[in-house]
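got a predicted model here, sequence first, then my questions.
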Amino acid sequence: MIPDNDLPSPLWVFGYGSLLWNPGFEVAEERLARLNGYHRAFCMSSIHHRGTEESPGLVLALDAEKDASCQGVALRVMPGQEPEVLAALRERELISSAYFEAVVTLHAEGHAPFQALAYVIDREHVQYCGGLTLERQAEIIAHAHGGRGPNTEYLFNTADHLAELGIADPDLAWLAARLRNEA
């Protein structure tokens, strides 16, 4: 966990998955933003929110890759709400220590580069499962269900929200279309 005094001020959070459609906090400002050096991937086994230990689901994570970039949304936390928002995000995102907090530099059209808090996959964690084929991802997502609901709901909400924002993610679009056709 990053010490609070090392976090960006104002506090921005980078949303690339469920934070896009369910930030869980009041957002003061949103900006479409790009993070270089990472890509959005279903590379984390979910044993809490979208699966169980017996039947893990998959959730998105920022996975480091040299020439990659991830389009998402920068969410600015309402001034004065930082302690509560951080506590809620840490409870939600650091539930199993598969993510770690990172201060990253985001790029948004019409703005100078700025820093934000992001949750990044720990490739050494047992829940890391990068490199799965899209077909295998579809099989897992189709059958998983966790404490926050079906894994398909997570996929559909994220894919739909990315499309509404005009952010192309061919892998998520393929997965959503594939699983909607099975429903």
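Okay, I see it.

and the contacts of the longest helix anywhere in the chain?
Longest helix in the chain, counting residues (DSSP state H): helix 151-165. Here helix 151-165 makes contact (C-beta atoms under 8 Å, 6 or more residues apart in numbering) with 17-18, 20-22, 32, 46, 49-51, 57-60, 71, 73, 140-145, 148, 168-169, 172-173, 175-176, 179-180, 183. C-beta here means a position set from N, CA and C on the backbone, and glycine is covered the same way.

just the terminal-to-terminal distance for stretch 122-133.
Taking C-alpha to C-alpha, to the nearest Å as the measure, stretch 122-133 stretches 20 Å from start to finish.

so for that stretch, what gets flagged as buried?
125, 127-129, 132 (16 or more other C-beta atoms under 10 Å).

would you pull up how far it lies from the middle of the chain?
15 Å (C-alpha atoms, centre = their mean, to the nearest Å).

pLDDT on it, on average?
The pLDDT scores in stretch 122-133 average 96.

next: stretch 78-87.
In the prediction, stretch 78-87 has an average pLDDT of 96.

who touches it?
Taking C-beta under 8 Å, 6+ apart as the rule, stretch 78-87 contacts 4, 7, 10-11, 13, 25-28, 77.

quick one: buried ones out of those residues?
Buried residues within the contacts of stretch 78-87, counting neighbours by 16+ other C-beta under 10 Å: 7, 11, 13, 25, 27, 77.

quick one, what contacts the fifth one?
Yep, that's Val27 we're talking about. 75-78.

tell me what it is bridged to.
Using DSSP bridges, the bridge partners assigned to Val27 are Val77.

how much space separates it from Gln81?
As judged by C-beta to C-beta, to the nearest Å, Val27 and Gln81 stand 10 Å apart.
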